[in-house]
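>>> pasting the structure only:
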């Protein structure tokens, strides 16, 4: 089999599975459902993935690769001060996590608690992926210290970890409440922690 089509089919399976798992979770979705949606014969699944766990690792790796690229666009390549870029990221987070479309939801929130107890390799991918996110947030905060827009922050890595944990927790509560309040509260707290004026 030609290598390029094989890579494309593998990625097609992952891309097809992502919104399904975001909607239902990892354990509740069978391989048959994913492969039927992807239009791929069941017998060929193990040609691309050694097991459902290996598939889960690949799915999480693909998700974080795409997420980090999007994060770099928001935090590095967009115009404005570092504080403005960082706050646009949280605005984007709030809007996607409050939306009804499961495709934009946070896979770390959706699968984190579920798969970390089921699979050590998947937990490691989650740990690495979330670590990449925190590192990029820290770099943006450090850039804000340098350009003066976040001059009041003394510890960029610590602040990045605190804010990411705040937003992960708020996103989980949003899944429970579905009223937007946890993410609104996270935004207020974020502005306060960063020393930014409240919005009205």
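Good, I have the coordinates. Treat the numbers as computed from the prediction; the structure is a model and nothing was measured.
>>> Give the buried residues for the longest helix out of those in the chain.
For the chain, the longest helix by residue count, based on DSSP state H, is helix 120-147. Buried residues in helix 120-147, counted by 16 or more other CB atoms under 10 Å: 122, 125-126, 129-130, 133-134, 136-145. No exception for glycine: its C-beta is placed from N, CA and C like everyone else's.
>>> For residue 94, give me the backbone phi and psi.
phi -60, psi -40 (degrees, to the nearest 10).
>>> Excluding chain neighbours, what is closest to it?
residue 183 (4.5 Å; CB to CB, 6 or more residues apart in numbering).
>>> pLDDT on the host helix or strand of the one you found, on average?
According to DSSP states H and E, residue 183 maps onto helix 181-193. Average pLDDT, helix 181-193: 97.
>>> same thing with stretch 6-18?
91.
>>> before we move on, what about stretch 104-114?
For stretch 104-114, the per-residue pLDDT averages 85.
>>> Could I get the buried residue list for it?
105, 106, 107, 108, 109, 110, 111, 112.
>>> thinking again about what came up before, contacting residues around the residue nearest to residue 94?
Residue 183 is in contact with 93, 94, 97, 98, 167, 170, 171, 174, counting by CB atoms under 8 Å, 6 or more residues apart in numbering.
>>> and what of residue 59?
Shown in contact with residue 59 (CB under 8 Å, 6+ apart): 14, 17, 18, 21, 107.
>>> Please identify the helix or strand for it.
Applying DSSP H and E, one finds residue 59 within helix 52-72.
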